[in-house]
Every structure is written in C-alpha cells, then in structure tokens.
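Trainee: any chance you can model this:
(chains A, B, C and D, ligands or ions: 5)
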Amino acid sequence: MSTPVITAPRSPYARRKTTRGNFELYGWVFMRISGVVLVALIFTHLFVNLLAGEGINAIDFAFVAGKWASLPWRIVDLIMLWLAMMHGTNGVRTIINDYAEKDRTRGILKVLLYSAFVIVVVTGTLVIFTFDPCPAGADPALLADFCKQL
Amino acid sequence: MPKAPGTLYRGREGMWSWVAHRVTGVLIFFFLLVHVLDTALVRVSPEAYNAVIGTYKNPIMGLGEAGLVAAIVFHAFNGLRIILVDYWSKGAKHHRTLFWIAMGLFVVTMAGFLPRHLMHVFGG
Amino acid sequence: MQTHQYDVVIVGAGGAGMRAALESSTRARTAVISKLYPTRSHTGAAQGGMCAALANVEEDNWEWHTFDTVKGGDYLVDQDAAEVMAKEAIDAVLDLERMGLPFNRTPEGKIDQRRFGGHTRNHGEAAVRRSCYAADRTGHMILQTLYQNCVKNDVEFFNEFYVLDIILDKDLAHEDVPEGEPVSVAGVVAYDLATGEIHVFRAKSVILATGGAGKIFKTTSNAHTLTGDGMALALRRGLPLEDMEFFQFHPTGLAGLGILLSEAARGEGGILRNGDGERFMERYAPTIKDLAPRDIVARSMANEVREGRGAGPNKDYVLLDLTHLEPAHIDAKLPDITEFARTYLGIEPYTEPVPVYPTAHYAMGGVPTNITTEVLRNNTDVVRGLYAAGEVACVSVHGSNRLGTNSLLDINVFGKRAGVAAAEYAASAAFVDMPDDAAAGTIAELEAMRSRPDGERVADLRRELQESMDRGAQVFRTEASLTETLAVVKDLQKRYGRVSVQDKGRLFNTDLLEAVELGFLLDLAEVVVVGALERKESRGGHFREDYPDRDDANFMVHTMAYRRGDAAAADAAGIPPHEIRLEPKPVVVTRYQPMERKY
Amino acid sequence: MTATIEQTGPATSVGEVPTFEVTLRVRRFLPEGPRGDESYWDDHVLTMHGTDRVLDALHKIKWEQDGSLTFRRSCAHGICGSDAMRINGRNRLACKTLLKDLDIRKPITVEPIKGLPVIKDLVVDMEPFFASYREIMPFLVTSGNQPSAERIQSPEQRAVYDDTTKCILCAACTSSCPVFWTDGQYFGPAAIVNAHRFIFDSRDEAATQRLEILNDKEGVWRCRTTFNCTEACPRGIEITKAIAEVKRAMITRAF
Ligand SMILES: Cc1cc2nc3c(=O)[nH]c(=O)nc-3n(C[C@H](O)[C@H](O)[C@H](O)COP(=O)(O)OP(=O)(O)OC[C@H]3O[C@@H](n4cnc5c(N)ncnc54)[C@H](O)[C@@H]3O)c2cc1C
Ligand code: HEM
Ligand code: SF4
Ligand code: F3S
Ligand code: FES
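Mentor: Ligands and ions are numbered 1, 2, ... in the order given. Purely as a prediction, here's the structure:
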C-alpha cells in the first residue's frame, strides 16, 4: 500500500492538565456574601453622604472628621473598604480571565490589578487608623466644630 | 477562522443584565480606586482634601455622581438577583421576573435619590 | 490515502454498532467507523420502548413474546431467531439498566412497562405490558447510554467517515463462486468527510450496522442520512439482500411531514378517528383495536382515506385523538411527540386531535445473517469475518412486519452477538490479503462524479425516485403501480450515470456524498420493487391489492435478491448492465405453524 | 394505480398554509473557494410553505441553487443535534425553527454557532465540545458486583435528574455562552448538564469525582448565570438551574 500507517493501539485518553481546588469556590461564595454585606454598607454610606442633610455640598474635611471621630464609623468604613476592594478585585480578576487570551497579557494585567489592590487597601487602612480629626496647625475654619473644644 | 464579523448574539434579559453588571462592576471598581485615594488626602491636609472634594461639587461632576449611584444601585439589585438565582431553588425558574423586580427597585430607588441629589447639585 | 489495521471494524455507530463495539473492544482491537457522530444516529429517534418479558407489572414470559413476534411477522419470521431474541431480551434490558439507562420506574422502583401494538398475553388473549421505556425517548436514552459506555471503555471512533466499499477476497458480483467455497472479508474503504481523504481499513472482522433505508420513500420517519449504505454495498459486492419488499409503514406519522408519533401514544390510550369522528379500528381489529400491528392499522387508515372518510380540508389524513387523556399524563409519558405536534403543525394535543398518516418507517429486510449474525452469501454459506446487525440486517426476526419495540431489542441482542462473534473470530483468524488497488474503484467513482462538469442534479433524481416510490410501492401495491415505479427507477439509474455535483472541493463535500447516497437509494429501490412485483400475495407490510390474501403454498419463503452484472459490457455512460435475480430461502419454523392472523 | 396514495403536500394538508417569499442571508466560508479565508454573506430569495423550517430553506438552496452550501443535518426533527446554528442572532436547531415563526419581512440570517472553529460554511469543529463532554465522566460508575436484576430506583429519585437526560449534545448551549466565546477552556454548559445527569443519579457512585473535576478554574464557577444556554436549548432543559444545583452540591460538600 502507498502509505502503511498502522498505528499502535492508542494510549488511554489522557486528561489535560487540570487546575482544581477550592479557590474559585471560596471566591464565588465570597462574592455573594460580600455582596449582601456591601448592599447594607454602601447604601448607608450613600445615604449619609449624598442624601442626608445638605447632600454632597456638606462633604468637606470637617464632615469626614466628624464621622471618623467615632470608632464605630471607622470600623464600618474600614470593613467597607476591605470588602469592596476584595469584591471588586476578584470581580476584575474574573473579567481578566475571561478576556485576556495570552498568558502574558493576563499576567501583566493581574500584576497591575493586585498592585492597585495593595496600594489602595494599605493607603486606605492607614488613613483610617492614623487619621487625626483635628490636625495641629490647620486652619480652624476647616475643622469640625468639636476641635474647638480641645 | 473566518474574519469578517458576524451578527451580535441576541441574548435576552439574562445576557444583557450580565453585560450591565460587568460594566457597572468595573466602573465602580475604578471609581473606588480614585475615591480611596482622594479620601486619603485627609491625611495630607484639610485644604488638599477640600480642594479635591470641591471639584466633586460642580454640576458636571454632580451628574457623574448620579450616574455612579445609578451604576451602584443597578449592580446592587442585580447582584441580589444573581444571589437569589444561585441559592434559591426556584430562582433560576423565575430569573426573568426577578430581573424585572430588580429593575423596579432600581427605578424606585433612583426616583427617591435623583431629585434630591440634583437639587443639592444645582439648587446650591 | 491512509491505511489502518484493526482486528474488528464496525461500520455504523447507532444502537447496533455501539452495542457491538462494547463487546468487541474489550476483546479485540476495534475501530468504529461512522458517517455521523455516534449520538446523531437514528436510534436516537426511537420513542416508544424496547420490549422484554420482564413481567415487572403483569404476568409474561418469553414464549408469549416469541409467539407475538412470529404472528406479528405474519409467520415469515425465522422462529429460531425470534426465540433467541425473546429469551435474550431480558438480559438486554438489564444490561442497559446496569449501564445506566434511566428507565421509567414503577412505584416499587422497578423498570416500568407499557402496552405496545401486537404484544399480547397468552397467545393473543389481551394486550400485555411488555415494553420497557423512558418516557417517549427510549431510543435517545439507549443511544446516549451506549455512547456513554463507549466513552467509558475508550472505544476508538472514526467519526464522519463514510464507508464506501466492502472488500472481499472473491468477486461475487461478477463470478459464480460455487457453494461451499470459502469467501472472506478483507476490510473496508472509507472516505473522510472533513478532508476528502480515502482511508483503507484492513480487518479480520467487519460488522455492518448502518441502519435503515427509509429515504427511498418521500414520506418517512427516517433521517436524511438513512440511505441504506450497508445494504447497497453488500448488494454491489454480490451479496444477497433478503426480504427487501417488506417495508413497514408506521400508521402515525405527522400528516404531510412523516415525523413519527410513537405507537406509545396509542399504548397510553390514544384513539384513531376518521373524518366522521368514528373509532374505525373497532371495525378492522375488534379485539385489540388501535393496538393492532402496524401493517393492519396503516392499511386501515389508508382505506378510510380512500373511501372518503378522511379528515381535513382534503380528507387526506385521519386523526389521533389524545384529548381524553389527562394533560399531566401526556406530559409524563409522551412529552416529546406532543411537542412535535405543537412545533411542526401548531396543534395542541391536549385539546385538538392530531392529523396523522402512514409514513415509511422500517426495513424488515436487509443483509441476510444467521443467528450468530454472520452474513450469508447464499442460503447456507457465510462470508467469513463479515457480520451484520440492526436494521441493516435480516436475521429474520421481523418476518414481513416488525412489531413495535422489537427493533430496539433487535439492535441490542444481535448487536451484542455480533460484537462477541466478530471478536472471537478475529482472535483465531488471520488477515486476508488486501489488493493494492482496493480503493481504486471508489476513488474513480468519486472523481468521475466530481469532475463531470454539468449533468443531472442529485436532488431532482432523488425527488423523482421518492415520489415514484410513494406512489407505486407504498401501503397499497399493484402489478401496475409497481411496474410503473420500476420503469422510473430504471430510468433514474441511467440518468444517475450523468449526475454531477456543484461542489468540487475536498473539504466537507456533502454535495458529493449526497450523490453517492443517491446511488445507494436507487439500487435498493430497484430491489424493493422487483421483490414486491414477484411476491404475488399479501403478507405483513407487503399488501398487493391484486393478490389480497396470504399465499402460504407459494410464498411461505424468504426472498433472496442477488444483483449480477457483467462488468465487461458497460454501456456508454460506464454503467455495467445488471439484473436482479430472486431466489427463495426457506423459513425456519420450530414451534408455531402458520395460522390466519386475526386480532 | 391506486387512489390512496395521493401525496399530501404540506401546503394543502394541514389547515390552509400559504406560500410566501423569504430571503435567507447565509454566512459563507469556503476555504477552497475563490474568496479563500474570507467569510461573507450570501442572499437567497426562496418561495416557501407554511410548515417549512429553516432546514427546508437551506435544503432548497443546496438542492436547487448552490450545491456547495454546507451544513450538517440528519433527523430533521430536533432529536439528533446535528444542526445547531445561529438563526437571526440566536442559537437554534434549523430543523426545529419554522420560518413562519420568524420575521419574514426581513432577511433571515443564518450563521455558524460561535466559539468553535468554523470548517466550512455552517459546519464547525465539534471536537473541543466533545472533549470537555468526555472529561466529566459521562457514564454510570458503580462498585461491587452487578446485581442480578435491575437496580432499584424510585420514580422520585428518577425524577431528580430527568431534565438533564434529555440532552442531545447539539452544542447550542455551550456556543451561546458569552464566557465560552472568550474562554474556550471553559467546560461549558453542556458538559455540566451531562455531569449533573450522573451526579444526581441515585445509582451512581462517582459524584464526588465529577464535582472535583468541575471544581476546576474552568469549571462551574466560570458560569455567570447569563441564561443564554437555557434560552438556546432546543430540548428545553433548564440548564442554568442544573448548573446552580451542581454549584450548591459543591458548596455543601466543601463546608
Ligand atoms: C422515528 C422512529 C421511531 C422508532 N421507534 C422505535 C421504538 O419505539 N421501538 C423500537 O424497537 N424501534 C423503533 N424504531 C426503529 C429503530 O429505532 C431502528 O430500527 C434502530 O434504531 C436501528 O438501529 P441501527 O443501529 O441499526 O441503525 P442506526 O441507529 O440508524 O445507525 C446507523 C449508523 O450507521 C452509520 N452509517 C450509515 N451508513 C454509513 C456508511 N456508509 N459509513 C459509515 N457509517 C454509516 C450511521 O452514521 C449510524 O451511526 C424507530 C425508528 C424511527 C425512525
Ligand atoms: C452594592 C452591593 C454589591 C452587590 C450586591 C454585588 C454583587 C455582586 C455579585 C453577586 C457578583 C458576582 C456576579 C457573578 O458571579 O456573576 C458581583 C460581581 C462583581 N462586582 Fe459586585 N456587588 C456589589 C458591589 C460592588 C462594588 C462596590 C464593586 C466595585 C468595587 C463591585 C464590583 C464587581 C465586579 C467587578 C464584579 C465582577 C463582574 C463580572 O464578573 O461580570 N461590586 N457583584
Ligand atoms: S443541554 Fe440542550 S443545548 Fe446543550 S447540548 Fe444538550 S440539548 Fe443541546
Ligand atoms: S450561558 Fe454560560 S454563563 Fe452560565 S448560565 Fe449558561 S453557562
Ligand atoms: S437535523 Fe437532527 S436535530 Fe436538526
């Protein structure tokens, strides 16, 4: 015969490399739990900042200082920061996985994403923890009323 | 693979709500990055913070804020719908109804928010 | 061109092919060649069920089942084969269950069973519940389950490969090989649709499982791809075809479309009514009425229409009435077929009766085999290494009329037997030499068709063939109608020599393959019509108006049709003249003497 | 000649169904043709009948106008799964889509399904699709000796997985999934449907392994509940629901 290609019996079907593990599972559950919590947090946040009182016009340094003077507000905002950043970062990670076809592109985008996550979360956390509502030497007019009592 | 583009896939509520969820999610995420950083200015000085926040108060930014809130509200209600589809055994069956309920809530919420916000922005 | 070598090559991946593959692949190196992805095979269209005397819901035994099969086939059944099938039926069903088939269940969790046409208790006393089923998608479940197990066993498939020739070591089509002289199979020639390449498969055993040939008719429940390839290839290679004049017309095809509504619709209580609303089957089969065997019901329906009692604007169909059944019951037992009525005719079966008319359904005849599925080259000799099972084969368990649910059984019982037998033969046999130019004929034929610049259109010839067959060789046949159809077929065969295709490419050239398939259809139609002309009696699926009675004195025999040609005397178009020679083959009678068939 | 065998032309047999004209706009890709690797639209004007399906229209083109038009088909009534294609922008079976149910005032667009390599015209390479099907162990796994009779399964246990046994592997779902379009590694809804069919079968003993397989990065978690699959499935399988059930089973197992 012209081309005797008598193949040997096939080796059994080999499964391709798999990437199993519970990471995606936990990520998925986290998206949902954080989502529910975020609804409460963000809606309160929006209400207090944009609707209550003077709305957006009331926001200034004094307003922020007023809020963060109380520990519960700091904690609430801290949780919101972390949850929103983790939720958003994980969401964007999914999107990168969906659209970035080349491993390289995918890698670069993820490095950018995680760096942004670290920078923002670290900065945010530091700000909330080290915030001084009445910084010394600042123009008193810009500060919250309670600073005057100091 | 043929190169010329084909038609757009004609998905229904499920697909378009996902597109919108994705778009709003990314939008919020990028806003959040900026928002945390600008809020961080409170650590620099009250002047710096107030200067930046001041720019949020002009009408154009005011409209942008309205859009952002709309995005968040949509993402939130649609997110809750997705969670129901995932965990409630009848969720998948009623996903379309759930979507329209979420849209109803979206409209109601925005109707409550927009007038007041726009008043703040434009009313001075 | 590529060459492969396997112990066993199975042609066709329907129910029969895959059932065989499950047996042979564990015993010998096996390849399954199929022109369709396995799960696209037409076994998946089967609806009603697969029968076995499990006696899960009422008293039953395999002996009654054998009797019903013999009687249903109007005594033309080989009774040894029917007995094998009825006995092995029980294991066939249990095998499938163990492989995972999701049968419907009784409240106790056993396999549920329902009634089906012609299946009775105690030799015809009353209908019996013998058909095991999975809603109205039993065939789908069988096909999926078999494929799943092929995946499990890592069976090797060549999908979208068309087998276009069977290679034997002797030329039976042109030479007279004396009785008793050994003839063996050497392999098959296949065409890879995706690339247009020819592949030669050497094999010790070849199993034909290519299914039916419904496309010789216009109105049919069969798939576009059921073009009788295996039968036609055997015929061209000089092997006989048995009982081809017996074609089953299923009573309830959607009117005008031919899409099947399973007999299960009547098994679950559906009633046939004529234009006047009368339940006419009470007149034709007083005992089991709508559940009489298919040939009787189909004829009764055609008769109602002929005598002007049809329904609809043209009074050209009858009605299948399900409106008295509970919608919940319909949804549970007949979901798919009611959806067909909705999708294709816009009829709501809960409230409206469904227009139905007989549709060409099943080839009782085929490649003759013995009960170990070895292919016969005459009444006694087998071709070594060549096996056939399923609708392509004729064992003959269906005689002149197949009972509903006996085919899914046939493919499982004889598919399994074929797999075992082929593998066992391969274990001891040696490869037969394959001539170097084994594929030359096939290549030449394809090239001729591809390169012919302009000529007859495949679709025109096929339409003319199908319309002529529907006119002359359907439920009612006469000398005149058959003669006319034969003339048409002969003429079409001539014109086929001038057929050309528009698609000249190599990749996925379905245009070319449709032309090849048309050739198969023409060859088979000729055998069907010649056989029907010769059989001057009425029996089972074959009804001659000019000879309305069964004639056991002259025709209690199988028909063996041989095609003999003279290659040297090809005509101008390169078509060698040929003739169809018919010979009788005795029917195997063991327990049941022929009786009048009444229901 | 007998009187009975008058052929019932579809146009006259059932109700009164008129003939109409329709334009079919088909996406062509003929790698061996003059336009090579370029794909383009071809318009065909056809006269069709009331009960005709898109498949009939395609056949009419192939048989009467252009024999090179290539597509897969077999059963012609929606049970073999050969002819999933994108008709007017949505995945359907050509043999199950009646022309009269579409808007025939505008051209009807017919394209190959998305996300799988196109071989020729409407024919795509199905191998990646079947590969992920094979990976989820689509077969019953049991241990111990086979019982001498059938395994017992109550009608209720049987009902749990009934929906997903209906799959005909047509790929309409997987190729409608936006995640699959951009990430071909995703197992896709069809594979999950077929895993579901066994995971919830009371006779099966390999549910854990299948859940393990689908717990992959490219497994169920990739699904974003867009419901395109459910809308596309010609068998009416509630695919997204089945996927949700698989997800829940994994979560129950993990916690
Ligand atoms: C609508 C319908 C309903 C039915 N309902 C029932 C029922 O309820 N009960 C019952 O018992 N029977 C029923 N039958 C009959 C039964 O389904 C068939 O007779 C049986 O399934 C045939 O199986 P098979 O394996 O022989 O062929 P098929 O399943 O038709 O398979 C043929 C195989 O051969 C392959 N093939 C064909 N030609 C070639 C070639 N040249 N090269 C390579 N491969 C080739 C095809 O790809 C395919 O894989 C029904 C039939 C129909 C049409
Ligand atoms: C307000 C409350 C919120 C709820 C209820 C919510 C809910 C959800 C849910 C359930 C998902 C998962 C969707 C899926 O798996 O298909 C999701 C995805 C996502 N969310 Fe949120 N979310 C909220 C807020 C946010 C915020 C504040 C951000 C930005 C920082 C954000 C960014 C994202 C992103 C980027 C995705 C990924 C989208 C995708 O994969 O298509 N979400 N959200
Ligand atoms: S789940 Fe539905 S759409 Fe998907 S392959 Fe199966 S039948 Fe086709
Ligand atoms: S379309 Fe895709 S995203 Fe999920 S719901 Fe269906 S698999
Ligand atoms: S041709 Fe079989 S599903 Fe359409």
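
Trainee: and the next helix or strand past the least confident helix or strand in chain B by mean pLDDT?
Mentor: Using mean pLDDT, DSSP states H and E, helix B:46-56 stands out as the lowest-scoring helix or strand of chain B, at a mean of 86. Using DSSP states H and E, the helix or strand that follows helix B:46-56 in sequence is helix B:59-87.

Trainee: chain center to that following helix: distance?
Mentor: Distance, stretch centre to chain centre, for helix B:59-87: 3 Å (CA atoms, centre = their mean, to the nearest Å).

Trainee: tell me which residues in the helix or strand that that helix is followed by are buried?
Mentor: As assigned by DSSP H and E, the chain's next helix or strand after helix B:59-87 is helix B:95-123. Of all the residues in helix B:95-123, those buried under the rule 16 or more other CB atoms under 10 Å in any protein chain shown are B:95, B:98-99, B:102-103, B:105-106, B:109-110, B:113, B:117, B:120-121. For glycine as for every other residue, the C-beta is placed from the backbone atoms N, C-alpha and C.

Trainee: same question for stretch C:307-315.
Mentor: Going by 16+ other CB under 10 Å, stretch C:307-315 has these buried residues: C:309-312, C:315.

Trainee: now the angle from the longest helix along chain D to helix B:95-123?
Mentor: Determined from DSSP state H, the single longest helix within chain D is helix D:239-254. Angle, helix D:239-254 to helix B:95-123, by axes from the mean of the first three to the mean of the last three CA atoms, to 10 degrees: 90 degrees.

Trainee: helix or strand: which one has residue 41?
Mentor: All of this is about chain A. Element membership of residue A:41, judged by DSSP H and E, is helix A:23-46.

Trainee: ah, I was thinking of chain D
Mentor: Assigned by DSSP H and E, residue D:41 falls in strand D:40-48.

Trainee: so which elements touch the helix or strand following that strand?
Mentor: Counting by DSSP H and E, the next helix or strand C-terminal to strand D:40-48 is helix D:54-60. On a contact count with 3 or more CB pairs under 8 Å, 6 or more residues apart in numbering or on different chains; DSSP states H and E, helix D:54-60 meets strand D:20-28, strand D:40-48, strand D:108-111.

Trainee: so which residues on chain B come close to ligand 3?
Mentor: Nowhere does chain B come near ligand 3, counting by CB under 6 Å from any ligand atom.

Trainee: pick the most deeply packed of the helices and strands packed on helix D:54-60.
Mentor: Comparing those by mean neighbour count (mean count of other CB atoms under 10 Å in any protein chain shown), strand D:108-111 comes out on top with a mean of 22.

Trainee: what lines up beside that strand in the sheet?
Mentor: In the sheet, strand D:108-111 lines up against strand D:20-28 (parallel), strand D:84-87 (antiparallel) (DSSP bridges).

Trainee: does any part of the following helix or strand past it sit near chain C?
Mentor: As assigned by DSSP H and E, the chain's next helix or strand after strand D:108-111 is strand D:118-120. Yes - using CB under 8 Å from any CB of the partner chain, strand D:118-120 reaches chain C at D:119-120.

Trainee: mind giving me the packing neighbours of strand D:118-120?
Mentor: Of the remaining helices and strands, none touches strand D:118-120 by 3+ CB pairs under 8 Å, 6+ apart.

Trainee: can you list the strands that it pairs with?
Mentor: Applying DSSP bridges to the sheet, strand D:118-120 is found paired with strand D:123-124 (antiparallel).

Trainee: now tell me what touches the strand it pairs with from outside.
Mentor: C:508, D:70-72, D:112-113, D:116-118, D:175 (CB atoms under 8 Å, 6 or more residues apart in numbering or on different chains).

Trainee: what about burial for the residues you listed, which qualify?
Mentor: C:508, D:70-72, D:112-113, D:116, D:118, D:175.
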